[in-house]
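**Q** compute the structure for the input listed below.
(one chain, ligands or ions: 2)
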Amino acid sequence: MSLPRIKTCAVRQTLQSPLRDFLLPALSQPTRRQFLSTTTKNNATVSSTPSPSTDPSRSQPKRKPLTQEQRDFLSSALRVNQAGELAATLIYTAQTPPLVNAHPHLRPLMAHMYAQEEGHFNTFNSLIAKHRVRPTALYPLWSVLATGLGWSTAVMGREAAMACTEAVETEIGDHYNNQIRTLLEMFEQWETEGYEVGKELQDLITTLRRIRDEELEHLDHAVDNDAKKAEPHWLLTGVIRLGCRGAIWVSERIEQTQITDL
Ligand SMILES: [Fe+2]
Ligand SMILES: [Fe+2]
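**A** Numbering: from 1, shown residues only. Ligands and ions are numbered 1, 2, ... in the order given. Now for the predicted structure:
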């Protein structure tokens, strides 16, 4: 099991992006405007879009640029999601050899969960590259910690490894739910004001819901495989959940601030 090659390419592409706010270029690029805007059914417009009065047969929906706070939210959300999915692939990569060696029947399950995490990671690699979000500056640290966590819990035994998955997926499930809730609140506000939600944001929430569901599937697999029998379960899951919350908090706030060549 090896890490996807796309990871290095996507991160390099992101780090080589211009030093400017990640969504700022989109303000002047119509092809990106859909991600930045909401649209409305009543055909009203703001100054950034063509007036429907000039072409009534092709009326443009009203568009509402995101606020800076909303841009910051989307930036930090994509940043932390990408870092978290990298950590997930590394946890499973480190867990699989000792775990499968001792419990060969777990090989299909580990391969299945890894494949899904790899898919999540590729998804957020693409999104941060597309929207010029810099990855967290603590990327190398999270890589070391995730690998250490995966290896150490697998060496502790099957129950501990599954308890690790239970703890991580509990936090990640809550994390994605919080992002989905925030987006739904944004959508509701826009719709109250008569705007529609742009397709890219609709696609984003669909993606977040799919990935959230897959994370919760992993949580169920862990519990089905005796995660609760880990000793001491409360301490192991408590420490890991606390670590996840800390990593999420930091990753949301600390971004790569220099162009570097990997
Ligand atoms: Fe994931
Ligand atoms: Fe997961």
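**Q** residue of the stretch 1-150 of the chain nearest ligand 1, please.
**A** Taking CB to the ion as the measure, the point where the stretch 1-150 of the chain comes nearest ligand 1 is His120, at 3.7 Å. Where you see a C-beta, it was placed from the backbone N, CA and C, and this is true even at glycine.
**Q** for that residue, give me its contacts.
**A** Contact analysis of His120 by CB atoms under 8 Å, 6 or more residues apart in numbering lists Asn81, Glu85, Ala88, Ile211, Glu214.
**Q** that one: which element?
**A** In this structure, His120 is located in helix 107-130 according to DSSP states H and E.
**Q** for the helix or strand just after that helix, buried residues please.
**A** With elements assigned by DSSP H and E, the helix or strand that comes after helix 107-130 is helix 139-156. For helix 139-156, a neighbour-count test (16 or more other CB atoms under 10 Å) marks Tyr139, Trp142, Ser143, Leu145, Ala146, Thr147, Leu149, Gly150, Trp151, Thr153, Ala154, Met156 as buried.
**Q** picking that back up, any idea of the pLDDT on the residue of the stretch 1-150 of the chain closest to ligand 1?
**A** Per-residue confidence (pLDDT) for His120: 97.
**Q** and the gap between it and Pro104?
**A** Taking CB to CB, to the nearest Å as the measure, His120 falls 26 Å from Pro104.
**Q** could the buried residues of helix 139-156 go into TSV alongside pLDDT?
**A** Putting those into TSV (pLDDT from 0 to 100) gives the following:
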residue	pLDDT
Tyr139	83
Trp142	90
Ser143	93
Leu145	96
Ala146	97
Thr147	97
Leu149	97
Gly150	97
Trp151	97
Thr153	97
Ala154	97
Met156	96
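**Q** show me which residues of this structure are close to ligand 1?
**A** Applying CB under 5 Å from the ion, one finds that the chain approaches ligand 1 through Glu85, Ala88, Glu117, His120.
**Q** residues contacting the first one?
**A** Read that as Glu85. By CB under 8 Å, 6+ apart, the neighbours of Glu85 are Glu117, His120, Phe121, Thr123, Phe124.
**Q** how about 6 Å then?
**A** His120, Phe121, Phe124 (CB atoms under 6 Å, 6 or more residues apart in numbering).
**Q** list just the nearest of these to ligand 2.
**A** His120 (7.1 Å).
**Q** so the closest one versus Tyr92, what's the distance?
**A** 11 Å.
**Q** most neighbours of all the contacts of His120, which one?
**A** Greatest neighbour count in the contacts of His120, by other CB atoms under 10 Å, goes to Asn81: 27 neighbours.
**Q** that one contacts Phe124, correct?
**A** Yes. Asn81 is within contact range of Phe124, at 4.8 Å (criterion: CB atoms under 6 Å).
**Q** for the closest residue to Leu184 other than its chain neighbours, which three-state class applies?
**A** Spatial nearest neighbour of Leu184, excluding adjacent residues (CB to CB, 6 or more residues apart in numbering): Ile205 at 7.3 Å. Here Ile205 is recorded as helix under DSSP: H, G, I helix; E, B strand; the rest coil.
**Q** how many neighbouring residues does Ile205 have?
**A** Going by other CB under 10 Å, the residues that sit close to Ile205 add up to 17.
**Q** contacting residues around the closest residue in space to Phe124 that isn't next to it in sequence?
**A** In space, and not counting its chain neighbours, Phe124 is closest to Gln82: 3.8 Å by CB to CB, 6+ apart. Contact analysis of Gln82 by CB under 6 Å, 6+ apart lists Phe124, Ile128, Pro135.
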